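Enquirer: Got a sequence here, can you model it:
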Amino acid sequence: MYYFAAVSVNINLYMSKEIKKWKVLNSRYLIKRPWLTARCDCVELPGGIQMPEYYVLEYPDWVNVIAITRDGRFVFVEQYRHGIGEVSMELCAGVCEPDDEDYMSAAQRELSEETGYAGGNWEHFMTISANTGTMNNLTHCFLARDVELVSAQHLDKTEDIAVHLLTLDEVKRLLLADSIRQSLMAAPLWKYVAMNGLL
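Expert: Sure, this is the predicted structure:
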């Protein structure tokens, strides 16, 4: 933990300039669909320069879960991802729905639906952004220890998901081989490995 604290202090030595927010002069939506909302902002930078077209993708917040069973296995899902055209090993993840009570309940719902695992001890682990420059949402990552298989999967018609229980060594091999393509999942896994001194 000392290393991270030292980095934070050193970064603060260079933070003498005040960075200001941009001013939005006007906005218009280019597309509003259930899974894609894109808007175009006309913005003015603090120095007075105007950018007539700055594009932002709007999404609801997302969640993902590092779920670990009582015997120390990591609950992973495997599914096809059309964006990169690959079958991918991932953490359980999903969208925060309007009827979710909070981010943790959204994460618990996703884990139960996709894998059938539930229960255990839950904590918020980190909050990150997929792309701070062009996307407006955040991903809330959770750590769930001592989860148990309590039901079958409850998948949507469009979901084709296989559940895998991996050892810590298998997870580390995936990370070191860059086989976990989704950065929103690689980041909390690397943090878990670093915080627990597991490399």
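
Enquirer: Against Arg181, how distant is the most far-flung residue of the chain relative to its centre?
Expert: In the chain, counting by C-alpha atoms, centre = their mean, Gly48 sits farthest out from the average C-alpha position, at 34.6 Å. From Gly48 across to Arg181, the span is 41 Å (C-beta to C-beta, to the nearest Å). To be clear about C-beta, it is placed using only N, CA and C from the backbone, and glycine gets the same treatment.

Enquirer: May I see the buried residues of stretch 141-156?
Expert: For stretch 141-156, the buried set under the neighbour-count rule, 16 or more other C-beta atoms under 10 Å, comprises 141-144, 147.

Enquirer: any chance of these in a markdown table, plus pLDDT?
Expert: Converted to a markdown table, those look like this (pLDDT from 0 to 100):
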| residue | pLDDT |
| --- | --- |
| Cys141 | 98 |
| Phe142 | 98 |
| Leu143 | 98 |
| Ala144 | 98 |
| Val147 | 98 |
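
Enquirer: Just the ones of the residues you listed in helices?
Expert: Using DSSP state H, no member of the buried residues of stretch 141-156 sits in helices.

Enquirer: Closest to His164 out of those residues?
Expert: Checking the buried residues of stretch 141-156 against His164 with C-beta to C-beta, the nearest one is Val147 at 14.1 Å.

Enquirer: nearest spatial neighbour of that closest one, skipping sequence neighbours?
Expert: The shortest distance from Val147 to any non-neighbouring residue, by C-beta to C-beta, 6 or more residues apart in numbering, is to Gly120 (4.0 Å).
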